[in-house]
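> Give me the fold of what follows.
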Amino acid sequence: MRIFRAGALSVVILSATLAMSAAPTFSQSAVDAAQAMASALDANGAPPEPERIAALESAASAGDAMALWQLGLMYENGEGVEQDKGKAFGYFAQIADQHADAAPRGLEAGIVAHSFVKIGEYYQDGVPEAGIPKDDAYATKLILHAASYFGDADAQYRVGELYLDPKELGDNPIQSARWLSLAARKGHAPAQAKLGDMLFNGEGDLQANRVEGLMWLTVADRRAAGTAEAGWIEDLLNSAMSVATPGERKGAVELADSLGPQFGGF
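Take a look at the predicted model:
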């Protein structure tokens, strides 16, 4: 399968290629492996040495997905190399194009799925200086592929958000909750928090279930401790706790204690 469009996109990919030559679930294991590779290449926290970058580029030229992913991140963030989002896009696009039909439970599945999400992000905003146009519809297609074929939790979370945006997939809280639930059950803390908030308060046609909503918020808060997401998730939990009845709080904590470990909580 090659999901990339002919025409404009193939030109963008070709340009990026020429420039380069001149994620506790199964998907996370591959991302962990890529991060381990990065740590091995940069054990002291210093910028990678030229020969180490050359080693990654050599592996990438042979189609190694982990090397391509690591180089994409490096060029995206300017870590050890000069920031170049065009090159980053090219690496992510190469992964997605070459591995679009990879087994959804294979070792590389996480990196491939994350690459589809990365490319989708580029198309959501566009990167004019890299020749990447803004294309919301195509961005959504890429993210949906990562969410449905690969079952990637982050992609499923993003689809859940898209179903709350009238300008994207429409304002459909029930569909949003379904996608958020898929990600939440894989331990995705932001999805757990968003789902919990929706269930606690009710939204549109989605009826409130305050105990279950508070349970998801509690699990998300535990899961997100010490991460960049902790602040807003804690705010949602505190807001719900402040208006919940003692019985609701007790029932939610009991559920979180018994079910939380299944969903990445404690």
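> Pop the domain breakdown of this structure in here.
8-151, 158-263 (automatic domain parsing).
> tell me, which of those is the model least confident about?
Ranked by mean pLDDT, the domains of the chain end with domain 8-151 at the bottom, a mean of 75.
> ok now that one, how far from the chain's centre?
Taking CA atoms, centre = their mean, to the nearest Å, one finds the center of domain 8-151 at 13 Å from the center of the full chain.
> picking that back up, can the domains of the chain go into a markdown table with extra columns for mean neighbour count?
Placement of C-beta: from N, CA and C, glycine included. What follows is the domains of the chain, written out as a markdown table (neighbours: other CB atoms under 10 Å):
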| stretch | mean neighbour count |
| --- | --- |
| domain 8-151 | 18 |
| domain 158-263 | 19 |
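> Go ahead and confirm Lys186 touches Ala155.
No - using CB atoms under 8 Å, Lys186 is not in contact with Ala155, being 11.0 Å away.
> quick one, helices of the stretch 151-266 of the chain?
153-162, 173-184, 189-201, 210-224, 230-243, 246-259 (DSSP state H, counting those that start in this stretch).
> Output those helices in TSV, with distance to Ala109 appended to each entry.
Listed next are the helices of the stretch 151-266 of the chain as TSV, based on distance: least, CB to CB, whole Å:
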stretch	distance to Ala109
helix 153-162	12
helix 173-184	15
helix 189-201	19
helix 210-224	22
helix 230-243	27
helix 246-259	26
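> Can you tell me which of these is nearest to Tyr91?
helix 153-162 (18.4 Å; CB to CB).
> Which strands or helices does that closest one pack on?
On a contact count with 3 or more CB pairs under 8 Å, 6 or more residues apart in numbering; DSSP states H and E, helix 153-162 meets helix 109-125, helix 136-148, helix 173-184, helix 189-201.
> what's in contact with it?
23, 25, 27, 113-114, 116-117, 120, 140, 143-144, 146-147, 168-169, 176-180, 182-183, 186-188, 190-191, 194-195 (CB atoms under 8 Å, 6 or more residues apart in numbering).
> pull the CA atoms of it into PDB?
Extracted C-alpha coordinates of helix 153-162, given in PDB (Å, rounded to 0.1, in the frame of the first residue of the first chain):
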ATOM      1  CA  ALA A 153      -3.300   5.300  20.900                       C
ATOM      2  CA  ASP A 154      -2.000   8.800  20.200                       C
ATOM      3  CA  ALA A 155      -3.700   8.800  16.800                       C
ATOM      4  CA  GLN A 156      -6.900   7.500  18.300                       C
ATOM      5  CA  TYR A 157      -6.800  10.300  20.800                       C
ATOM      6  CA  ARG A 158      -6.400  12.800  18.000                       C
ATOM      7  CA  VAL A 159      -9.300  11.300  16.100                       C
ATOM      8  CA  GLY A 160     -11.400  11.700  19.300                       C
ATOM      9  CA  GLU A 161     -10.500  15.400  19.300                       C
ATOM     10  CA  LEU A 162     -11.300  15.700  15.600                       C
END
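> Also compute the angle for it relative to helix 109-125, please.
30 degrees (axes from the mean of the first three to the mean of the last three CA atoms, to 10 degrees).
> Helix 173-184 and helix 153-162, what's the angle between them?
160 degrees.
> How far does helix 153-162 sit from its chain's centre?
On CA atoms, centre = their mean, the centre of helix 153-162 falls 8 Å from that of its chain.
> wait, doesn't Ala67 sit right on Ile53?
No - checked against CB under 8 Å, the pair Ala67 and Ile53 is beyond contact range at 10.3 Å.
> Show me where the stretch 1-150 of the chain has its helices.
8-21, 26-41, 50-61, 65-77, 85-99, 109-125, 136-148.
> how close does Asp205 sit to Leu182?
From Asp205 across to Leu182, the span is 19 Å (CB to CB, to the nearest Å).
> got a pLDDT number for the most centrally placed residue in the chain?
In the chain, the residue lying closest to the centroid (CA atoms, centre = their mean) is Asp154, at 3.3 Å. For Asp154, the pLDDT comes out at 93.
> Excluding chain neighbours, what is closest to Ala244?
Distances taken as CB to CB, 6 or more residues apart in numbering put Leu214 closest to Ala244, at 5.7 Å, once the chain neighbours are dropped.
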